[in-house]
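**Student:** Kindly return the folded structure for what I paste below:
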Amino acid sequence: MNAVGSGHHNFEQRSSDEATPEITSQLFSNSTTDEAHFWLNGYVNKQNCRVWSEANPQVYVETPLHLEKLTVWCALWAGGILLQKR
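**Tutor:** Below is the predicted model of the structure:
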């Protein structure tokens, strides 16, 4: 990675809530982002995975209404990595 000059912002130490419009447009012009939700009871929500079956399993699993979770968002771009935990 290239050295960061004095005219650039340190994205690793800034929250995405503090990002200015110029930084946001530069960040998302050529970047890759991902977001994942991790529940503290061990469940991981995978929206891209479905299981289909001919048989009805007759299983009912009770879950609490509001589970504790950790959401992680990450952006990878030419200037570095931006990570946010919620």
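
**Student:** show me where pLDDT drops low in this protein?
**Tutor:** 1-30, 43-53, 57, 59-64 (pLDDT under 70).

**Student:** neighbours around W39, how many?
**Tutor:** For W39, the count of nearby residues is 14 (other C-beta atoms under 10 Å). From N, CA and C alone the C-beta is placed, and that goes for glycine too.

**Student:** Go ahead and confirm it touches E68.
**Tutor:** Yes. With contacts counted by C-beta atoms under 8 Å, W39 reaches E68, the gap being 7.0 Å.

**Student:** So the residue nearest to T32 when sequence neighbours are not counted: helix, strand or coil?
**Tutor:** Excluding its sequence neighbours, the residue lying closest to T32 (C-beta to C-beta, 6 or more residues apart in numbering) is L76, at 4.8 Å. At L76 the chain is in strand, as set by DSSP: H, G, I helix; E, B strand; the rest coil.

**Student:** what's near enough to touch L76?
**Tutor:** With contact set as C-beta atoms under 8 Å, 6 or more residues apart in numbering, L76 has these partners: 31-33.

**Student:** Looking at the residues you listed, spot the one nearest Q84.
**Tutor:** Nearest to Q84 out of the contacts of L76 is T33 (C-beta to C-beta; 10.3 Å).

**Student:** How much space separates that closest one from W39?
**Tutor:** Distance from T33 to W39, counting by C-beta to C-beta, to the nearest Å: 21 Å.

**Student:** now swap in C74 and tell me
**Tutor:** 18 Å.

**Student:** quick one, phi psi at E68?
**Tutor:** For E68, the backbone dihedrals (degrees, to the nearest 10) come out as phi -80, psi 130.

**Student:** so it makes contact with F38?
**Tutor:** No. With contact defined as C-beta under 8 Å, E68 does not count as touching F38 (9.9 Å).

**Student:** Looking at these two, which is more packed in?
**Tutor:** Between E68 and F38, F38 has the larger neighbour count (other C-beta under 10 Å), namely 14 against 9.
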